[in-house]
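Chemist: Below: sequence and its predicted model.
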Amino acid sequence: MKRNSSIDLMKSCAIFFVISVHFLLNSGFYDMTIHSTLAIFWIGIRTILITCVPLFLVATGFLMNRKELSAQYVLGIVPVIISYIGISLLVWGVLSLVGKGSDFSTAINGIFDYSTDSYSWYVEMYLGLYLFIPLLNIIWNYKKEIKNYHLYIVFIASLLTFLPSLLNSFGKVIPDYWQICYPVSYYFIGAYLYTYQNEIKKISIGKLVTAFLSALTIFTLTDTFASWNQEFQWLDHNDYFGYQTAIMTVLVIAILWRTPIPKWSVRLLKALSTATLTIYLISDLTDQFVYGFFKHEIPNLSQRVIAGPIIIPVAFTSAALLGIFVGKVLNIPFKRKKERKEN
């Protein structure tokens, strides 16, 4: 299948958003009292950045909705596991060298409970999703000739995961038990965008930008009012399974699809897109050094949050460079195996 540069752009934005949203966690933003223009600004930025994980899940649905169950498919999870274990041990090893690591037995146990690398909850989620994908694809392709069949799947998935955060705002109206299944919903949205991408791309960029700015303004004001004169309120509606995040995710993707990609950036986007997992996992290590430095140099919380436009590029660049390098090293055995098969 021909490489899709728009998907590379989407995954590259997703990994940048991940590193950026961690700024809010590591800088101390969530400890701030929301009563200033600065706080409102970062609430608005968070409204965009929180689409990071959904963007990855939608990309997975877009790229993998035609996969079928086979031994080769199941073994395809091995590189993910190798990357996870390798980087977790690397993070532990480096931190141990500087006196910040746990003992070896704790690190080994932490690999099994996804705590040695503190950002590895995504791997725990993705392993299960990956094994389910061939079954989800059976559902997606089962009755695809029926009119609105795919729309029905997306609607039911959204009803169970995203809509409770809207309809239950003032009391329970619909079941919210299935909200935690949001990865499946985003996967189906990705499959829908793949299946109907030509129709979606016909929507004018003007309408998309207007919808995006309108949603961003409304959601920023909503979250500001909910958090005013207290710490930021991380609630259902602004979580990964919240209706705000779902709407923003679809709008961000639709706009990215209409964004021209310069030729000079194609190789860069491919490098970032290919290494998103290793960049994400290694950022646990780089973040500890980057934020340790900036917390020491800028002890004042408000000043540190103001410095976000400086801190985020430093955090992203360090994670990206190290993540791409480590990814290439970990991929050497699989690359050689592939070359032997081709020869």
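Modeler: Ah, there it is. This structure is a prediction, so every number in the text was calculated from the model and none was measured.
Chemist: can you tell me how far the closest residue to Ser120 other than its chain neighbours sits from Tyr84?
Modeler: Using CB to CB, 6 or more residues apart in numbering and skipping residues adjacent in sequence, the residue nearest Ser120 is Tyr114, 4.4 Å away. For glycine as for every other residue, the C-beta is placed from the backbone atoms N, C-alpha and C. Shown here: Tyr114 relative to Tyr84, a distance of 8 Å by CB to CB, to the nearest Å.
Chemist: now do Gln230
Modeler: Distance of Gln230 to Tyr84, computed by CB to CB: 37 Å.
Chemist: higher neighbour count, the two?
Modeler: Neighbour totals were compared for Gln230 and Tyr84, and Tyr84 leads with 24 against 11 (other CB atoms under 10 Å).
Chemist: ok, the more buried one touching Val123?
Modeler: Yes - Tyr84 lies in contact with Val123 (CB atoms under 8 Å); the separation is 4.8 Å.
Chemist: so what sits against both of those two?
Modeler: Leu281 (CB atoms under 8 Å, 6 or more residues apart in numbering).
Chemist: Surely the residue nearest to Ser120 and Met125 touch.
Modeler: No - contact between Tyr114 and Met125 fails when scored by CB under 8 Å: they sit 9.4 Å apart.
Chemist: If we ignore the residues flanking it in sequence, what's nearest Lys270?
Modeler: Asp8 (5.4 Å).
Chemist: still on that earlier bit, so who does the residue nearest to Ser120 touch?
Modeler: Per CB under 8 Å, 6+ apart, neighbours of Tyr114: 120-121, 123-124.
Chemist: Let's see which of the residues you listed end up in helices.
Modeler: Filtering those for membership in helices, criterion DSSP state H, returns 121, 123-124.
Chemist: Return the members of those classed as buried.
Modeler: Val123 (16 or more other CB atoms under 10 Å).
Chemist: Can you tell me the centre-most residue of this protein?
Modeler: What sits nearest the mean C-alpha location of the chain, by CA atoms, centre = their mean, is Val53, with 2.0 Å.
Chemist: In space, what's closest to it - neighbours in sequence excluded?
Modeler: In space, Val53 is closest to Tyr240, 5.6 Å off (CB to CB, 6+ apart).
Chemist: What average pLDDT does the helix or strand hosting Leu285 get?
Modeler: Using DSSP states H and E, the element containing Leu285 is helix 276-297. For helix 276-297, the mean pLDDT works out to 96.
Chemist: gap between the nearest residue to Ala275 once chain neighbours are set aside and Ile50?
Modeler: Excluding the flanking residues, the one nearest Ala275 by CB to CB, 6+ apart is Gly327, at 4.1 Å. The gap separating Gly327 from Ile50 is 25 Å, by CB to CB.
Chemist: hang on, the earlier thing: wait, the residue nearest to the centre of the chain touches Tyr122, no?
Modeler: Yes - taking CB under 8 Å as the definition, Val53 is a contact partner of Tyr122 at 6.8 Å.
Chemist: Which helix or strand lies directly C-terminal to the host helix or strand of Val74?
Modeler: In this assignment (DSSP H and E), Val74 forms part of helix 71-75. Moving toward the C-terminus from helix 71-75, the next helix or strand (DSSP H and E) is helix 78-97.
Chemist: The helix or strand following that next one packs against which elements?
Modeler: Downstream of helix 78-97, the first helix or strand assigned by DSSP H and E is helix 104-112. Contact here means 3 or more CB pairs under 8 Å, 6 or more residues apart in numbering; DSSP states H and E; on that basis helix 104-112 packs against helix 78-97.
Chemist: Can you point out the buried residues in the helix it packs on?
Modeler: 83-92, 94-95.
Chemist: Let me know the closest of those to Ala14.
Modeler: In terms of CB to CB, no member of the buried residues of helix 78-97 lies closer to Ala14 than Ser83, at 16.8 Å.
Chemist: pretty sure the closest one is in contact with Thr276, am I right?
Modeler: No - the pair Ser83 / Thr276 is not scored as a contact, 10.7 Å apart, by CB under 8 Å.
Chemist: Apart from its neighbours in sequence, what residue is nearest Trp178?
Modeler: Distance criterion CB to CB, 6+ apart; nearest residue to Trp178, sequence neighbours excluded, is Leu160 at 3.9 Å.
Chemist: Counting by contacts, list what the strand or helix carrying that neighbour packs against.
Modeler: Element membership for Leu160 (DSSP H and E) is helix 149-161. Using 3+ CB pairs under 8 Å, 6+ apart, the elements in contact with helix 149-161 are helix 121-142, helix 182-195.
Chemist: For Gly101, find the nearest of those.
Modeler: helix 121-142 (19.6 Å).
Chemist: Right, I'll leave it there.
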